[in-house]
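S.K.: have a look at this prediction, sequence included:
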Amino acid sequence: MSVRDETRQAAPSRQNDRVKPASRPEMARTIEGDGFRLVPWRPDHFAPFSALQADPAIMAAMVQEPQDRLAAWREMAAFAGHWTLKGFGHYALETDGFAGYAGLWQPPEWPQPELTYVLLPSARGRGIATRAARAILGAAAAAGISPVVSYLDPGNIASRRVMERLGATYRGRLRLWAEFDVWRHALPDLTMNGLEPQQPRKPNPTTTE
Amino acid sequence: MSERLARLRRERAMAAATGDFAMPRALRTARLTLGQPEERHLADYVRFWTDPGNTRYMGGVRDPMGAWKVLAAACGSWLLYEFGHYAVADERGVYLGSVGLWFPDDFPEIEVGYSLMPEARGRGYASEAVAAVAAEAVRCGVPSLVSTILPDNAASQDVATRAGAVLDRIFMLRGAPTALWRHPVPADQAFALTVPEAAS
């Protein structure tokens, strides 16, 4: 029997206990950016999201295989549910409509939250990735989430330029399912350029009633 | 079974999932509390989903990362659809398993699904939780309600039968012949009578 099991027998976990650990962050659920919005996932994001996840070029940039619709559905549901588990996660990124996603991702055993952004080709070349990343780093800082890293395919030159523009520092290589460059993000200055999240301490609507 | 009826049922399920249909975030039964899945359930999810016996009828084992994604998706369903699987616990708060509504991209209709931890089986907990979820789903206006069960999963069929479900048809799901059990939903029966069968 594990220590955890013994602990649970002594003090059963309570199903309806709504108290969250004091350390748990709550990142803003919506961020209004310059030319884009970062918003919670909705069912109508699924059609364009599943197309994105099926695109071999987009997935190759993340060193992943294209996903079929069911895998994409599970992924999108997990993206949404990440917010319930961690208090932060990926946002759907909208311009005129769905244009990709961006946010923080931290499955178990990842030492730090990872800043990720994936843009549809039609949304690239306008600085949206950099601005979205800055806005997310600002929201992360406001929620007390630090440090934040990014894992990059060493061959992804465009993303490396974004890292440099963001002021991230190269920290070396990490072996996940492939070799990745680790970039650690600088803590942003929350007073600059109006990059504060709109609602930095908005309560988590999924766990308060 | 007309293709047209199946398509209409799927459309109505999607309209409900993305529209006004919503389930309460917690339910109680005589012996059970049904609450939201949360990060503290991860160890139980990993224990369940990494075990070949538990997952034999559920697509097979996941690695711990896969188990975490199942938990994350269970949480995400509540945000996307306002329904999902509950974390079921006994009166002492001990986790027993996962029961609730589930509607992934390839399901024909909204499902009431159930999976109990091995130590929680054989005491009628699944039936008790399913009865509560199904009754609440009907009360909240679910257009139809099914359970997808592999034909050799006798224990699961017993739960469906005790819940009043009847075998509707066998269909192909994820490459395997799968039994679609239909739970009684008055509105669905009324709806079925109005379908113009000749149109397909």
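M.R.: Received the coordinates, thanks.
S.K.: does stretch B:54-67 come close to chain A?
M.R.: Yes - Stretch B:54-67 reaches chain A (C-beta under 8 Å from any C-beta of the partner chain) through B:64-65. C-beta coordinates here come from the backbone N, C-alpha and C atoms, glycine included.
S.K.: following the chain onward from the helix or strand of chain A with the lowest mean pLDDT, which element is next?
M.R.: Comparing every helix and strand of chain A by mean pLDDT, DSSP states H and E singles out helix A:3-10 as the least confident one, with a mean of 35. Proceeding N to C from helix A:3-10, the next assigned helix or strand is strand A:31-32, under DSSP states H and E.
S.K.: who does that next one touch, helix- and strand-wise?
M.R.: helix A:128-142 (3 or more C-beta pairs under 8 Å, 6 or more residues apart in numbering or on different chains; DSSP states H and E).
S.K.: in the helix it packs on, what counts as buried?
M.R.: A:128-129, A:131-142 (16 or more other C-beta atoms under 10 Å in any protein chain shown).
S.K.: same deal with stretch A:57-72?
M.R.: Neighbour-count burial for stretch A:57-72 [16+ other C-beta under 10 Å]: A:58-59, A:61-63, A:67, A:69, A:72.
S.K.: just stretch B:90-100 next, same as before
M.R.: Buried residues in stretch B:90-100 (16+ other C-beta under 10 Å): B:90, B:93-100.
S.K.: okay if I get those as CSV plus pLDDT and secondary structure?
M.R.: Below are the buried residues of stretch B:90-100 laid out as CSV (pLDDT from 0 to 100; DSSP: H, G, I helix; E, B strand; the rest coil):
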residue, pLDDT, secondary structure
B:90, 97, coil
B:93, 96, coil
B:94, 98, coil
B:95, 98, strand
B:96, 98, strand
B:97, 98, strand
B:98, 98, strand
B:99, 98, strand
B:100, 98, strand
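S.K.: from those, which single one is nearest chain A?
M.R.: Nearest to chain A among the buried residues of stretch B:90-100, counting by C-beta to the nearest C-beta, is residue B:93 at 4.0 Å.
S.K.: wait, residue B:127 touches residue B:161, no?
M.R.: No - taking C-beta atoms under 8 Å as the definition, residue B:127 is not a contact partner of residue B:161, at 9.5 Å.
S.K.: and the buried residues of helix A:128-142 as a markdown table, adding distance to residue A:179 and pLDDT?
M.R.: As requested, these are exported to a markdown table (distance: C-beta to C-beta, whole Å; pLDDT from 0 to 100):
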| residue | distance to residue A:179 | pLDDT |
| --- | --- | --- |
| A:128 | 28 | 95 |
| A:129 | 22 | 93 |
| A:131 | 29 | 95 |
| A:132 | 26 | 96 |
| A:133 | 22 | 95 |
| A:134 | 27 | 95 |
| A:135 | 29 | 96 |
| A:136 | 25 | 97 |
| A:137 | 24 | 96 |
| A:138 | 30 | 95 |
| A:139 | 29 | 96 |
| A:140 | 25 | 96 |
| A:141 | 29 | 94 |
| A:142 | 33 | 94 |
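S.K.: which elements pack onto the longest helix anywhere in chain A?
M.R.: Counting residues, the longest helix found in chain A (DSSP state H) is helix A:69-86. Under the contact criterion of 3+ C-beta pairs under 8 Å, 6+ apart, helix A:69-86 touches helix A:46-53, strand A:98-105, helix B:64-81.
S.K.: quick check: buried residues in that helix?
M.R.: A:69, A:72-86.
S.K.: neighbouring strands of whichever helix or strand comes after it in the sheet, and parallel or not?
M.R.: Once helix A:69-86 ends, the next helix or strand along the chain (criterion: DSSP H and E) is strand A:90-94. Using DSSP bridges, strand A:90-94 pairs in its sheet with strand A:37-39 (antiparallel), strand A:98-105 (antiparallel).
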